[in-house]
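Trainee: Structure for this input, please:
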Amino acid sequence: MGSVTEFVLTGFPGLHQEYYGLVSALLFFVYLITMIANVTVIFLFATNRSLHKPMYYIILNLSVCDILFSTTTLPKIISRYWFQSGSISFTACFIQMYFVHYFGTVVAYILFQMALDRYLAICHPLRYSRVLTKSNILILSITAWIAAKACPLMLVIRAYPLPYCASNIITHCFCDHIGITVLACTDRAPYSIPALVFAMVTLLGPLAFIIFSYCSIIIAVRKIANVQGRLKSLSTCSTQLIIISLYFLPRCFVYLASNVGITFSADVRIVIIMLYSLAPPMINPLIYCLRPRAYGIPCMP
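Mentor: Numbers count the residues shown, from 1 in each chain. Modelled structure (predicted):
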């Protein structure tokens, strides 16, 4: 641990103090919309038995995870600007780091399940009802929540004992592996390998299947003679691709860039991370509600 007993989160380093109130209000609004939207999805699922189908179980899991991820990160960011309090205890920072990476990993596995659902529905429709049963979706969901614990726990176990004897300033809005380990008073190179493995397992693994599934979907859709059939098949995939792109593209850029030596300003890095941290949890339920016919969620009349 060294001599550091607490860390200080800088938030956006280039932000002037006169904008603190505006930023905190904006972040609170994002958090409020995220909570209301995702709780609404959960409520609709609980009260509408017609939604108790495989795809909607996946959406339910995503809403629960979005609530937990946003609650892990946003309140601390809001307090940083609302109360100008960026300090966080040493242990609390590592706890936040664990849950940030844990919930991020769970989301990756949930998006994998979404791609699997669309792949089977479009490419193998006759097998869909046999493979994606409620029990199988339950098994996949439980496996995702349990398996996602491994890599984040490994990162915390390796980073926690490092000597932090110099600066305690984390140039970020919340605690993550990269932001913490750069402060260690030791060679960071040996500890970059687990981070790279983590990125490979949680990002490139699910992403590889997602790319394969959507390439297969495109090939299958091209074989449909009916134009309306093509459009209907693609309608439920287009919005998923937006969600997947918002999650994976910025994440892959940040993780891989940091491990191959690509450098960019702290503000740019934080903006990219906040984009994939805040946008998807707020946008996901809005997409389902604005596309009720595609997803069957009765949010709109």
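
Trainee: Pretty sure Tyr109 sits against Pro206.
Mentor: Yes. Tyr109 is within contact range of Pro206, at 6.3 Å (criterion: CB atoms under 8 Å). Backbone N, C-alpha and C define where each C-beta goes, glycine included.

Trainee: who has more neighbours, those two?
Mentor: Set side by side, Tyr109 and Pro206 show more neighbours around Pro206, with 24 against 20, by other CB atoms under 10 Å.

Trainee: For the helix or strand hosting that one, what is the distance to the chain centroid?
Mentor: Pro206 is part of helix 205-222, with elements assigned from DSSP states H and E. Distance, stretch centre to chain centre, for helix 205-222: 20 Å (CA atoms, centre = their mean, to the nearest Å).

Trainee: Need the mean per-residue confidence for that helix.
Mentor: Average pLDDT, helix 205-222: 87.

Trainee: Just the buried residues of that helix, please?
Mentor: For helix 205-222, a neighbour-count test (16 or more other CB atoms under 10 Å) marks 206-207, 210, 213-214, 216-217, 220-221 as buried.

Trainee: Kindly report the same for stretch 53-73.
Mentor: By neighbour count on 16+ other CB under 10 Å, the buried set for stretch 53-73 is 54-73.

Trainee: Low-confidence stretches in this structure?
Mentor: 1-2, 188-191, 194, 225, 229, 233, 236, 255, 258-262, 289-301 (pLDDT under 70).

Trainee: Against Val8, how distant is the residue nearest to Leu9 when sequence neighbours are not counted?
Mentor: Leaving aside its sequence neighbours, Leu9 sits nearest to Gly86 (CB to CB, 6 or more residues apart in numbering; 4.3 Å). From Gly86 across to Val8, the span is 5 Å (CB to CB, to the nearest Å).

Trainee: Next: Ile36.
Mentor: Counting by CB to CB, the gap from Ile36 to Val8 is 31 Å.

Trainee: The two: who's more crowded?
Mentor: Here Ile36 and Val8 are compared on neighbour count by other CB under 10 Å; more neighbours surround Val8, at 16 against 11.

Trainee: How about the helix or strand hosting Pro285, which residues are buried there?
Mentor: Applying DSSP H and E as the criterion places Pro285 in helix 266-290. Using 16+ other CB under 10 Å as the test for burial, helix 266-290 gives 269-270, 272-274, 276-285, 287-289.

Trainee: Equivalent analysis for stretch 238-253, please.
Mentor: Neighbour count says stretch 238-253 has 239-240, 243-244, 246-248, 250-251, 253 buried, by 16+ other CB under 10 Å.

Trainee: what sits against the residue nearest the centre of the chain?
Mentor: With distances taken as CA atoms, centre = their mean, the residue of the chain nearest its centroid is Gly104 (4.0 Å). By CB atoms under 8 Å, 6 or more residues apart in numbering, the residues touching Gly104 are 69, 202, 251.

Trainee: which among those residues gets closest to Ala166?
Mentor: Arg251 (28.3 Å; CB to CB).

Trainee: got the phi/psi numbers for the closest one?
Mentor: phi -60, psi -50 (degrees, to the nearest 10).

Trainee: is it true that it touches Leu203?
Mentor: Yes. Using CB under 8 Å, Arg251 is in contact with Leu203, at 5.9 Å.

Trainee: For His177, which residues are in contact?
Mentor: Applying CB under 8 Å, 6+ apart, the residues near His177 are 97, 101, 155, 159, 195, 198.

Trainee: Does the first one lie in a helix or a strand, and which?
Mentor: Assessed by DSSP H and E, Met97 sits inside helix 90-123.

Trainee: Equivalent analysis for the last one, please.
Mentor: For Phe198, the enclosing helix or strand under DSSP H and E is helix 189-199.

Trainee: So Tyr98 versus Val23, what's the distance?
Mentor: The value you get for Tyr98 to Val23, if CB to CB is used, is 26 Å.

Trainee: Specify which residue of the two has the higher count of neighbours.
Mentor: Just comparing Tyr98 and Val23: by other CB under 10 Å the higher neighbour count belongs to Tyr98, 21 against 17.

Trainee: so the more buried one touches Val156, yeah?
Mentor: Yes. Judged on CB under 8 Å, Tyr98 makes contact with Val156 at a distance of 4.9 Å.

Trainee: contacting residues for Phe264?
Mentor: Phe264 touches Ala257, counting by CB under 8 Å, 6+ apart.

Trainee: switch to 10 Å and redo it
Mentor: Residues near Phe264 by CB atoms under 10 Å, 6 or more residues apart in numbering: 253-254, 257-258, 272.
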